[in-house]
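> Got a predicted structure here, sequence first:
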Amino acid sequence: QVQLQESGPGLVKPSQTLSLTCTVSGASITTSHYYWHWIRQSAGRGLEWIGATSYNGDTYYSPVLKSRTSASRDTSKNQFTLHLNSVTPEDTAVYFCTRARAFSDYDYWGQGIQVTVSS
């Protein structure tokens, strides 16, 4: 059974950097053809794709968020991480990590983590 678990701060101040980590169990993040994604959901924008890290370490970002986003991974811990800098209250959302073959058909999701940007 593949499981994903998000971790990180629930509250971030405006202009700071939000860092979230997804810990994966039951599958390796280096398994061929799987991509590991970050998606967020807010009341105002619905589901929004943020970015992804591929099985071989390539990274992909939403054009809308690309200037503020970076991703990394730690294969020894089977984790992948999202960094979103210069956050504003508009970045308040529930953040999910998920797995897919490339960029569709998400099959496993974390439970989500509520992140609030507020001073």
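Thanks, I have it.
> C-alpha only now, for contacts and for neighbours.
Fine.
> ok, residue 105 - how many residues close by?
Residue 105 sits with 9 neighbouring residues when counted by other CA atoms under 10 Å.
> Secondary structure element for it, which one?
strand 104-109 (DSSP states H and E).
> pLDDT on that strand, on average?
Per-residue pLDDT values over strand 104-109 give a mean of 94.
> Identify the residues contacting that strand?
2-4, 96-100 (CA atoms under 8 Å, 6 or more residues apart in numbering).
> Identify, from the residues you listed, the entry nearest to residue 89.
residue 96 (17.8 Å; CA to CA).
> Once you drop chain neighbours, what's closest to the closest one?
residue 112 (4.5 Å; CA to CA, 6 or more residues apart in numbering).
> Could you spell out the sheet neighbours of the helix or strand just after the strand holding residue 105, each with its direction?
With elements assigned by DSSP H and E, the helix or strand that comes after strand 104-109 is strand 113-117. Each strand paired with strand 113-117, and its direction, by DSSP bridges: strand 11-12 (parallel), strand 93-101 (antiparallel).
> Please consider this matter closed, and thank you.
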